[in-house]
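**Student:** Prediction below, plus the sequence it came from.
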Amino acid sequence: MSAPPSNGLIRLLLLLLLGFGGLSGVLAGPVDCGDRPITFAYYKYGFFYYEQDGQGRGFDLDLIAELTARTGCTFTAQVMPRARVWADLENGQLDMSAAGVQTRERDRFAWFVPYFITKNYVLIRAPALRTVHSAADFLAQPALIFGVVRGFKHGEAQDQWLEQLRRNARIEESAGIDVLLEKLKRGRIDGLFAQPPVYQKIIADLDLAGEVVVQDWFGDDPGIRGNLILAKSRFSAADAQRWQVLVRQLRDDGTLKRIFAAHMPATEAEQLLNF
């Protein structure tokens with residue numbers, strides 16, 4: 001009869017499982033709240049976070065409320081521009097944020113825990129529709145300007161296309177998507193990327209129906225995962241795995257669907273869950 005594995009071997013096996021994302025909810029265990037509140041940043045982004053009657057609302061606010069209830073952790077939160085969120089996560093001034101896109105560069109300073117998947121569509125001003133029906137059409141017209149949120153990543157194909165515009169000074173950056181849509185309404189830019197949970201909210205708020213048209217310029221794009229972002233300055237790999245297990249539980253028990261459906265139609269909320 002062989003000897004049981006040593007404690008050192010067990011620890012090694014667990015670390016290997018962590019590296020490959022293979023820990024089960026039982027092995028992951030409860031999250032570690034630490035000895036101080038978790039600093040968290042929202043940013044205004046359609047149904048993800050918005051303000052109504054002076055109160056914050058949205059997917060991410062409801063998500064943090066649920067995580068607080070399930071973990072007992074204390075969060076201290078504030079609203080920030082997106083570019084500052086990334087800077088503070090990198091320099092250790094911020095512990096966590098939401099709705100972030102994972103990239104190799106960002107992997108240096110953050111862990112990513114997916115909680116939805118969606119796709120970027122193009123919102124284009126109605127006057128341009130006579131000549132613009134694709135990314136190539138837009139690129140071919142030097143007078144047209146595209147708007148982006150400072151600090152955003154949109155997916156590999158979209159960002160490569162944007163880089164072509166940037167080289168020709170055809171990009172206008174703003175701190176938030178709401179500012180970009182105001183610029184679109186006023187004709188200062190001609191198009192921008194946005195996701196359904198974002199443009200559905202802001203088009204209604206700004207009364208833009210009829211003034212902008214939604215187009216899909218990257219039809220083969222499978223979409224991008226939106227993530228909780230955990231700063232490596234605060235969280236270890238094991239910590240991140242435990243948060244991932246918790247978020248998957250929220251998906252599997254229907255909590256995420258309930259959160260999404262509280263702000264947008266249930267059929268569309270369902271589509272966000274295929275991450």
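**Tutor:** Yep, that arrived. Numbers count the residues shown, from 1 in each chain.
**Student:** Which strands or helices does whatever helix or strand V245 lives in pack on?
**Tutor:** Element membership for V245, per DSSP states H and E: helix 237-252. If you count contacts as 3 or more C-beta pairs under 8 Å, 6 or more residues apart in numbering; DSSP states H and E, helix 237-252 packs onto helix 7-19, helix 25-28, helix 59-71, strand 110-118, strand 224-231, helix 255-261. Any C-beta I mention is one placed from the backbone N, CA and C, and that applies to glycine too.
**Student:** Around P222, count how many other residues there are.
**Tutor:** The local packing of P222 (other C-beta atoms under 10 Å) involves 10 other residues.
**Student:** mind checking pLDDT for it?
**Tutor:** Model confidence at P222, given as pLDDT, is 86.
**Student:** Pull the contacting residues for the closest residue to it other than its chain neighbours.
**Tutor:** In this structure, P222 finds its nearest non-sequential neighbour in K119, 7.9 Å apart by C-beta to C-beta, 6 or more residues apart in numbering. Counting by C-beta atoms under 8 Å, 6 or more residues apart in numbering, K119 makes contact with Q195, P196, D216, D221, P222, G223, I224.
**Student:** I'd like the mean pLDDT over stretch 163-172, please.
**Tutor:** Mean predicted confidence for stretch 163-172 is 97.
**Student:** Equivalent analysis for stretch 226-241, please.
**Tutor:** pLDDT averaged over stretch 226-241 gives 98.
**Student:** Tell me the secondary structure at the most centrally placed residue in the chain.
**Tutor:** Residue closest to the average C-alpha location in the chain (C-alpha atoms, centre = their mean): A99, at 2.0 Å. Look at A99: counting by DSSP: H, G, I helix; E, B strand; the rest coil, its state is strand.
**Student:** quick one: contacts for it?
**Tutor:** A99 neighbours (C-beta under 8 Å, 6+ apart): Y43, Y45, F48, D60, F116, G226, N227.
**Student:** got a list of what F193 touches?
**Tutor:** With C-beta under 8 Å, 6+ apart, F193 has these contacts: N120, Y121, V122, L123, V148, F152, H154, Q158.
**Student:** Look up how far H154 lies from it.
**Tutor:** 5 Å (C-beta to C-beta, to the nearest Å).
**Student:** Pull up the overlap in contacts between the two.
**Tutor:** N120, V148.
**Student:** Now the two most distant members of the contacts of A99.
**Tutor:** The largest separation in the contacts of A99, counting by C-beta to C-beta, is between Y43 and F116 at 15.5 Å.
**Student:** These two: who's more crowded?
**Tutor:** Counted by other C-beta under 10 Å, Y43 and F116 do not tie: F116 has more neighbours, with 27 against 23.
**Student:** burial of the closest residue to that one other than its chain neighbours, as a residue count?
**Tutor:** In space, and not counting its chain neighbours, F116 is closest to L272: 4.1 Å by C-beta to C-beta, 6+ apart. Burial measure for L272: 25 neighbouring residues, criterion other C-beta under 10 Å.
**Student:** Please apply the same query to D207.
**Tutor:** 9.
**Student:** ok, now the one 10 residues further on?
**Tutor:** The local packing of W217 (other C-beta under 10 Å) involves 21 other residues.
**Student:** what's the answer for D252, then?
**Tutor:** D252 has 11 neighbours, counted by other C-beta under 10 Å.
**Student:** Would you agree D207 falls within a strand?
**Tutor:** No - read with three-state DSSP, D207 is coil and lies in no strand.
**Student:** Any stretches of the stretch 51-200 of the chain with poor pLDDT?
**Tutor:** Regions of the stretch 51-200 of the chain meeting the criterion pLDDT under 70 are absent.
**Student:** Which strand residues bridge L192?
**Tutor:** Legend: beta-bridge partners of L192 under DSSP bridges are L123, G147.
**Student:** mind listing what it touches?
**Tutor:** Here L192 is in contact with V122, L123, F146, G147, V148, I177, L180, L181, L184 (C-beta under 8 Å, 6+ apart).
**Student:** same deal with E51?
**Tutor:** K44, R57.
**Student:** part of a strand, is it?
**Tutor:** Yes - E51: assigned to a strand according to three-state DSSP.
**Student:** Distance check, it against L61.
**Tutor:** Counting by C-beta to C-beta, the gap from E51 to L61 is 10 Å.
**Student:** Out of the contacts of L192, which is nearest to D107?
**Tutor:** Of the contacts of L192, the one sitting nearest to D107 (C-beta to C-beta) turns out to be V148, at 21.7 Å.
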